[in-house]
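>>> Based on what follows, work out the 3D shape:
(one chain, ligands or ions: 1)
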Amino acid sequence: MKTIKSPKSMQLLSRRTGQTGKSIGLVPTMGALHKGHLALVERALKLTDFVVVSIFVNPTQFGAGEDFSRYPRTFSADRKLLAELGVDSVFAPSADQLYPADFETYVAVEKMSQVLEGEFRPTHFRGVTTVVAKLFNIIRPDVAVFGRKDFQQAVVIKKMARDLNFDVKIVTVPTVREKSGLAKSSRNKYFSPEQLRRAVVLYDSLKMAEKMIKAGHRQASKIKSAMKRRIDQTPGTRIDYIAITDEELNELKRLSGKITISLAVWLDEVRLIDNISLNLGK
Ligand code: PAF
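Numbering: from 1, shown residues only. Below is the predicted model:
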């Protein structure tokens, strides 16, 4: 498995690989890999001939006061895991290789980036779409794999790829969870065992919402209030949002069709997100 740091060398390797007729799969990550990432890599290995995993803690998607500097960085362990899985190449550029001092070009999916996460992290998706667009240009993948855990991110990236005619298929993979139901996340590394137990309330509230919907409830406000009550009972929580949307991120009042329930909740000093999707038919 080759580790490549320079964007030019990565570009060269990708172009040469493409010329041999091999399909290229890309799994963009910020490292600190866990089983959720490995499921993305496994999917890419199934779908394509040559898999590149990028590891880059992208500064432009972190807002002022967010956890950029303390975000977990575990490069050697990540590299070992990826080599064991049979990944072909790791792309791990430095920040100044991707963002030279006079960098000033950004990619933004305007409307979709402003709702849900965007209300609380106004520059986040601009950073994500900019770095993913750069990765698409450098690696030219046929397939790029993202997790459903970051539901809005996947929707925004699909929109960007369509709007800008990137010749790439965006594939999403279901969230991998701990036995407790807590979604796997690199940020879970911040928690003590006691905090991990409290963090399960996000998934519990989603499962409670699912139960209500299966029992026939269709009014979004009722379901969201019940979720809020459940979360508020857990010490140290503060809700940023609970939203029930369609696949284009429009908030729903009455539920029908394909819906996603998303939430962002602070647990002490750490902000967690999670979601589930359901298909209610007509
Ligand atoms: O999901 C992530 O880890 C990041 O947002 C991504 C897609 C790698 C872009 O930096």
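>>> Quick check: buried residues in stretch 257-268?
259-265, 267 (16 or more other CB atoms under 10 Å). No exception for glycine: its C-beta is placed from N, CA and C like everyone else's.
>>> what's the answer for stretch 6-22, then?
For stretch 6-22, burial by neighbour count (16+ other CB under 10 Å) applies to 7, 10-11, 13-14, 17-18.
>>> List the ones among the residues you listed that fall in helices.
Residues of the buried residues of stretch 6-22 located in helices (DSSP state H): 7, 10-11, 13-14, 17-18.
>>> Do you have the strands of the stretch 101-250 of the chain handy? List them.
143-147, 169-173, 237-245 (DSSP state E, counting those that start in this stretch).
>>> And the helices in the stretch 1-150 of the chain?
Using DSSP state H, counting those that start in this stretch, the helices of the stretch 1-150 of the chain run over residues 7-19, 35-47, 75-85, 95-98, 117-120, 124-139.
>>> got a list of what the residue of the stretch 151-282 of the chain found nearest the ligand touches?
Using CB to the nearest ligand atom, the single residue of the stretch 151-282 of the chain nearest to the ligand is Gln153, 5.8 Å away. Each residue near Gln153 by CB atoms under 8 Å, 6 or more residues apart in numbering is listed here: 125, 128, 146.
>>> Any figure for the gap between Arg198 and Ser262?
As judged by CB to CB, to the nearest Å, Arg198 and Ser262 stand 20 Å apart.
>>> got it, and Ile213?
In this view, Ile213 and Ser262 are 14 Å apart by CB to CB.
>>> now Ala95
From Ala95 to Ser262 the distance is 29 Å (CB to CB).
>>> between the buried residues of stretch 6-22, which is nearest Thr74?
Checking the buried residues of stretch 6-22 against Thr74 by CB to CB gives Met10 as the nearest, at 21.3 Å.
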